[in-house]
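In: give me a 3D structure for the following:
(chains A and B)
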Protein chains: 2
Amino acid sequence: MSDDLTATQTAVVPEGYEVLPWTRGFGRQIGPLYHRHGDGGDVLGFRVEEHHTNGLGNCHGGMLMSFADMAWGRVVSVERSVSWVTVRLTCDFLSGARLGDWVEGAGELLGESDGVFTVRGRIWAGERMLMTGTGVFKALRERAPRPGEKAFQG
Amino acid sequence: MSDDLTATQTAVVPEGYEVLPWTRGFGRQIGPLYHRHGDGGDVLGFRVEEHHTNGLGNCHGGMLMSFADMAWGRVVSVERSVSWVTVRLTCDFLSGARLGDWVEGAGELLGESDGVFTVRGRIWAGERMLMTGTGVFKALRERAPRPGEKAFQG
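Out: Next comes the predicted model:
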């Protein structure tokens, strides 16, 4: 919702992060989201804004799970240049994120078999771990690698 | 995002459903969502609109998980009149939802111990099961019952 961006949303993005240019669909609706290239692969990030909050004023669990799906599944995109769907996601909520927190997430590819990828994921805010879990993703089809991605080796 | 509602979003809501009056935060951002009182408790529903879609034009997995969190956790609100947080959610994706589908979801309370609730949940569209899973939710504090809710029996 670029029309809804407030000054605080666009301000104070940590160094190294670039906005993900998602102009449609659910990715835009819950954004803006950002990414940076870390040592172990891509890290996604977002700042908790009012449109991410639950009735208690903290980040909604649904937002954290949506972010987990994107941040953990991203390792499949980056490592294999395939489009994919989520088969199973297990999310353990360890701590809440507060309005204004900068939240980061990344996944680690544990295994791959017949186009099914198992990913261990984490979401954190500063020193505080917010969520750990496991994602199972299934490759749909090969696509041209984007900048920074490896070619499909199906 | 009431400003963003299109004619198709507000039209064609199945009989028995009422819109959830969520005017703030993540619930508004991913709405509109609806509910009806079914035989086994509350059922939540929404129509898949453009702002729920992924890159393939289907409902985004993050949207389905966010909806699962709300639809499955709702049994805790309705049965016990407590505010709660999600501890763990496991979602198995069985089938995708397409743009325009009417999606429904509900949870069944399996167990309760020391303020921890275990819920078995389902999400479906017509005859097609989209997701099954299990939610673990923790009660935070008692609150006044809303219409149709039972009092807390801690």
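In: in chain A, which strand is the longest?
Out: strand A:128-142 (DSSP state E).
In: average pLDDT across that one?
Out: Mean per-residue pLDDT for strand A:128-142: 93.
In: so what strands line up beside that strand?
Out: strand A:82-93 (antiparallel), strand A:116-125 (antiparallel) (DSSP bridges).
In: mind listing what's buried in the first one?
Out: Think strand A:82-93. Buried residues in strand A:82-93, defined by neighbour count with 16 or more other CB atoms under 10 Å in any protein chain shown: A:Val82, A:Trp84, A:Thr86, A:Val87, A:Arg88, A:Leu89, A:Thr90, A:Cys91, A:Asp92, A:Phe93. C-beta coordinates here come from the backbone N, C-alpha and C atoms, glycine included.
In: need the residues you listed in CSV (columns: pLDDT).
Out: Output for the buried residues of strand A:82-93, formatted as CSV (pLDDT from 0 to 100):
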residue, pLDDT
A:Val82, 85
A:Trp84, 90
A:Thr86, 95
A:Val87, 97
A:Arg88, 98
A:Leu89, 98
A:Thr90, 98
A:Cys91, 98
A:Asp92, 98
A:Phe93, 98
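In: need the strands paired with strand A:128-142 in TSV with distance to B:Gly135, can you?
Out: As requested, the strands paired with strand A:128-142 are exported to TSV (distance: least, CB to CB, whole Å):
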stretch	distance to B:Gly135
strand A:82-93	10
strand A:116-125	18
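In: what's the angle between the longest helix seen in chain A and helix B:61-80?
Out: Ranked by residue count and defined by DSSP state H, the top helix of chain A is helix A:61-80. Helix A:61-80 runs at 150 degrees relative to helix B:61-80, counting by axes from the mean of the first three to the mean of the last three CA atoms, to 10 degrees.
In: would you confirm that A:Thr53 contacts A:Asp101?
Out: No - the criterion here is CB atoms under 8 Å, and A:Thr53 misses it with A:Asp101 at 11.0 Å.
In: if we can go back for a sec, quick check: buried residues in the longest strand of chain A?
Out: Applying 16+ other CB under 10 Å to strand A:128-142 flags A:Leu130, A:Met131, A:Thr132, A:Gly133, A:Thr134, A:Gly135, A:Val136, A:Phe137, A:Lys138, A:Ala139 as buried.
In: now stretch A:30-45
Out: A:Ile30, A:Gly31, A:Pro32, A:Leu33, A:Tyr34, A:His35, A:Arg36, A:Asp42, A:Val43, A:Leu44, A:Gly45.
In: max pairwise distance over these: which two?
Out: Maximum pairwise distance among those (CB to CB): 18.8 Å, between A:Ile30 and A:Arg36.
In: chain B contacts on chain A?
Out: Within chain A, the positions near chain B by CB under 8 Å from any CB of the partner chain are A:1, A:4, A:24-30, A:50-56, A:59-63, A:65-67, A:69-70, A:83, A:85-93, A:96, A:140.
In: run the last query once more with 6 Å
Out: Counting by CB under 6 Å from any CB of the partner chain, chain A comes close to chain B at A:25-26, A:29, A:51-53, A:60-63, A:65-66, A:69, A:86-93.
In: tell me, how many neighbours does A:Trp22 end up with?
Out: A count of nearby residues for A:Trp22, using other CB atoms under 10 Å in any protein chain shown, gives 16.
In: under the pLDDT cut-off, which ranges of chain A? List them.
Out: Chain A contains residues with pLDDT under 70 at A:1-11, A:142-154.
In: if we use 80, what do you get?
Out: Scanning chain A for pLDDT under 80 picks out the ranges A:1-11, A:38-40, A:81, A:141-154.
In: spatially central residue in it, please.
Out: A:Ala71 (2.3 Å; CA atoms, centre = their mean).
In: from A:Phe93, how far out is that residue?
Out: Relative to A:Phe93, A:Ala71 is positioned 15 Å away (CB to CB, to the nearest Å).
In: same check on A:Ala139?
Out: According to CB to CB, A:Ala139 stands 28 Å off from A:Phe93.
In: please apply the same query to A:Glu108.
Out: 19 Å.
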